[in-house]
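# Any chance you can model this:
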Amino acid sequence: MNRALFAVISTFTLLCAACGGGAPVTTPAAGASSAAASAPTAAVTKSFSYRIAHTSANTSILEIDAQDYIKKVADASGGKITGKSFPNGQLGKQQEMVEQVQLGSLEMVVTSSEFVSVVPEFGVFDLPFAFRDRADVKKAVEGPLGEELKKAAAARGLVVLGFWENGFRHITNNKRPIRTPDDLKGLKMRTPPNPDRVKMFNLWGANAAPLDFAELFSALQTGVFDGQENPLQNVTSSKFYEVQKYLSMTGHVYTPTYLVASKGWYEALEPAAQQMLREIAVKNGDASRERGKKFDDDGIGIVKDKGMQVNDDVDKAAFAKAGQPLYDDYQKKYGALLDLYHKSIGR
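Numbering: from 1, shown residues only. All right, here's what the predicted structure looks like:
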């Protein structure tokens with residue numbers, strides 16, 4: 001049995017062209033230089049614009065992070081580098097947008113669980129209960145593990161600029177509280193388009209199937225799925241409390257979001273611009289994780305006020321034990337990365 005699991009049992013064209021699906025969310029006007037954006041402004045000599053796309057809501061942490069990043073880059077560059085965010089899947093489904101970035105027809109995407117389908121090495125974030133807290137996550141993504149994962153993405157034409165917050169994932173459904181894997185038996189559970197997550201929920205007894213996030217609300221509303229799993233920030237910002245009755249605080253997986261740029265587009269930029277985009281993205285990770293914590297702190301009260309029943313009496317050891325095959329599979333494929341994971345978090 002691996003060390004992380006044992007710990008659980010024993011005790012997350014390329015200038016901007018406004019295209020498709022609705023009005024873009026525009027960059028805030030550049031103002032005084034942000035203290036958080038400390039990249040070398042004076043060295044940036046060429047102006048350009050870019051787009052960031054994702055499938056989450058206007059009020060989601062993904063959109064807040066995107067807007068924060070856009071503003072910091074604009075401020076740090078003295079207005080030379082400007083961006084626009086396209087939330088709500090305006091530019092396509094999640095996988096489609098990752099493919100657009102690979103092909104160079106979109107500059108940046110904020111992606112998460114679905115990224116495993118393109119860069120399977122990122123499946124380390126699908127190992128159940130791999131991270132105890134955000135301090136663990138920071139050690140992992142800012143250390144050697146994060147660097148190796150970036151190399152794996154670069155080999156597929158993708159530049160991971162930063163690891164941001166999606167969050168610790170919890171289960172919602174319309175049938176019953178979830179306390180043990182047996183409670184999932186027979187439930188139709190939506191997962192992201194991610195083979196590891198589908199396997200996880202099937203190991204736990206659910207009838208799991210993938211669906212793009214942009215289609216999830218209507219699928220829950222019409223009963224195509226009984227339940228789903230997401231961080232609290234997605235449960236609240238996407239108003240899943242309107243179509244789900246139970247929230248079980250499983251915290252079974254922590255998933256980051258990844259700010260991913262087109263490799264061809266990024267490498268064509270002047271070095272100072274590359275450095276600025278990269279440094280601000282990394283620094284934004286801390287702010288994003290802080291925002292995620294606040295979403296968690298506030299989220300339970302929000303969903304209770306909206307009528308959801310919340311339980312935290314989850315047998316996490318039982319879920320971890322049933323998820324052991326995921327660790328075994330990852331060890332066989334990417335043993336060196338799993339070793340880096342253990343070294344990063346110190347257990």
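# Every contact and neighbour count from this point should use C-alpha atoms.
OK.
# Now the helix or strand hosting P256 - C-alpha only, PDB.
Taking DSSP states H and E as the criterion, P256 maps to strand 254-262. This file holds the C-alpha atoms of strand 254-262, laid out as PDB (Å, rounded to 0.1, in the frame of the first residue of the first chain):
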ATOM      1  CA  TYR A 254      -7.900  17.800  -5.000                       C
ATOM      2  CA  THR A 255      -7.800  19.200  -8.500                       C
ATOM      3  CA  PRO A 256      -5.900  22.300  -9.500                       C
ATOM      4  CA  THR A 257      -6.700  24.300 -12.600                       C
ATOM      5  CA  TYR A 258      -4.000  24.900 -15.100                       C
ATOM      6  CA  LEU A 259      -3.400  28.100 -17.000                       C
ATOM      7  CA  VAL A 260      -2.200  26.600 -20.300                       C
ATOM      8  CA  ALA A 261      -0.900  28.500 -23.300                       C
ATOM      9  CA  SER A 262      -0.200  27.500 -26.900                       C
END
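# Other residues contacting that strand?
12, 62, 101-104, 106-113, 125-126, 129-131, 157-169, 281 (CA atoms under 8 Å, 6 or more residues apart in numbering).
# Buried ones among those?
12, 62, 101-104, 106-113, 125-126, 129-131, 157-169, 281 (16 or more other CA atoms under 10 Å).
# Give me the subset of these that lies in strands.
108-111, 158-169 (DSSP state E).
# would you say E147 is within a strand?
No: going by DSSP: H, G, I helix; E, B strand; the rest coil, the assignment for E147 is helix, not a strand.
# Quick check: closest non-adjacent residue to it.
V141 (7.6 Å; CA to CA, 6 or more residues apart in numbering).
# Sheet partners, orientation included, of the strand holding P256?
Sheet pairing of strand 254-262 (DSSP bridges) gives strand 108-111 (antiparallel), strand 158-173 (antiparallel).
# Now tabulate those in TSV and tack on distance to S248.
Below are the strands paired with strand 254-262 laid out as TSV (distance: least, CA to CA, whole Å):
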stretch	distance to S248
strand 108-111	24
strand 158-173	5
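# mind listing the helices for the stretch 201-347 of the chain?
Shown for the stretch 201-347 of the chain, the helices assigned by DSSP state H, counting those that start in this stretch span residues 216-221, 232-237, 263-267, 271-305, 316-322, 324-345.
# now the fifth one: how far from the chain's centre is it?
It refers to helix 316-322. Offset of helix 316-322 from its chain centre (CA atoms, centre = their mean, to the nearest Å): 23 Å.
# again, but for the shortest one
When C-alpha coordinates are averaged (CA atoms, centre = their mean), helix 263-267 and its chain have centres 22 Å apart.
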